[in-house]
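Engineer: Structure of the sequence below:
(one chain, ligands or ions: 1)
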Amino acid sequence: MKIQPKNRKLGILLSGRGSNFEAIVTSIAYRSLEAEISVVISNVETAPGLARARELGIPTAYVPSKGNSREQFDSQLLEILQSHDVGLVILAGFMRIVGRSMIEAYPNLILNIHPALLPSFPGLDVQKQALLYGVKIAGCTVHIVSDTVDGGPIVLQAAVPVENDDSVEVLSARILKEEHRIYSQAIALLLSGHCELQGRRIIVRD
Ligand code: GRF
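Structural biologist: Numbering: from 1, shown residues only. So this is what the prediction gives:
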């Protein structure tokens, strides 16, 4: 099955710092990514990423998750995404599980970045888990969002070495650098219309 977003308009969902969002902004500015950020949405009113989007003059929205049921929250997100004509949804440090209605409205058109080499270490605090486990290679994964947390088809991955003296912070920073590199690449791949989904595999055809 071919994956083809209807346009190049991105909707970014974030809950915090927003460094991946900024890396995407930079890729667009340098024209290594041909896309437009139509809206940045956060469930955290004070998220630095949301403030940065405002500074950049990008439309933003705050959708509180507290006091909202999953369905209400998702339908508010959807309404905003659709009103900005978003073709591809980008989770960039979005600390909420995306519900079924979102996945059905954007089939294979929601991307997430995870700071581990999936399927190893899904979930939270994964750089710490990787260190404690003693892996020698860590990394990050861009994947399509499915109804299994961190379980959807993989678009791109990047590996980094784990060094003897690494702290969680040092390893996280090494991984984050790769996140910033591959997220824009993965978005460009999906927007190219050259991606095909075969089972769990994403095949890129020229
Ligand atoms: C990143 O490590 C990303 O992999 C994870 O959340 C973090 C978000 O960082 N999903 P930032 O907000 O993009 O700086």
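Engineer: confidence score at Arg54?
Structural biologist: Model confidence at Arg54, given as pLDDT, is 98.
Engineer: err, Ser75, not the other one
Structural biologist: 95.
Engineer: ok, it touching Arg100?
Structural biologist: No - proximity of Ser75 to Arg100 does not meet the contact threshold set by Cβ atoms under 8 Å, at 11.5 Å. Placement of C-beta: from N, CA and C, glycine included.
Engineer: So for those two, which residue has more residues nearby?
Structural biologist: For Ser75 versus Arg100, neighbours defined as other Cβ atoms under 10 Å are more numerous around Ser75 (16 against 11).
Engineer: separation between that one and the ligand?
Structural biologist: Going from Ser75 to the ligand by Cβ to the nearest ligand atom, to the nearest Å gives 23 Å.
Engineer: give me every residue that touches that residue.
Structural biologist: Counting by Cβ atoms under 8 Å, 6 or more residues apart in numbering, Ser75 makes contact with Ser101.
Engineer: how much space is there between it and Leu176?
Structural biologist: 32 Å (Cβ to Cβ, to the nearest Å).
Engineer: Tell me who's in contact with the closest residue to the ligand within the chain.
Structural biologist: The nearest approach of the chain to the ligand comes at Gly93, 2.7 Å away (Cβ to the nearest ligand atom). Neighbouring residues of Gly93 by Cβ under 8 Å, 6+ apart: 14-21, 49, 113.
Engineer: what does the protein put close to the ligand?
Structural biologist: Counting by Cβ under 6 Å from any ligand atom, the residues of the chain close to the ligand are 14, 16-20, 49, 92-93, 113-115, 176, 179.
Engineer: Please flag which of those sit within helices.
Structural biologist: Secondary structure from DSSP state H places 19-20, 49, 176, 179 of those in helices.
Engineer: List buried members of the residues you listed by neighbour count.
Structural biologist: 19-20, 49, 176, 179 (16 or more other Cβ atoms under 10 Å).
Engineer: Redo those as CSV? Include pLDDT.
Structural biologist: CSV is the format used below for those (pLDDT from 0 to 100):
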residue, pLDDT
Ser19, 98
Asn20, 98
Gly49, 98
Leu176, 98
Glu179, 98
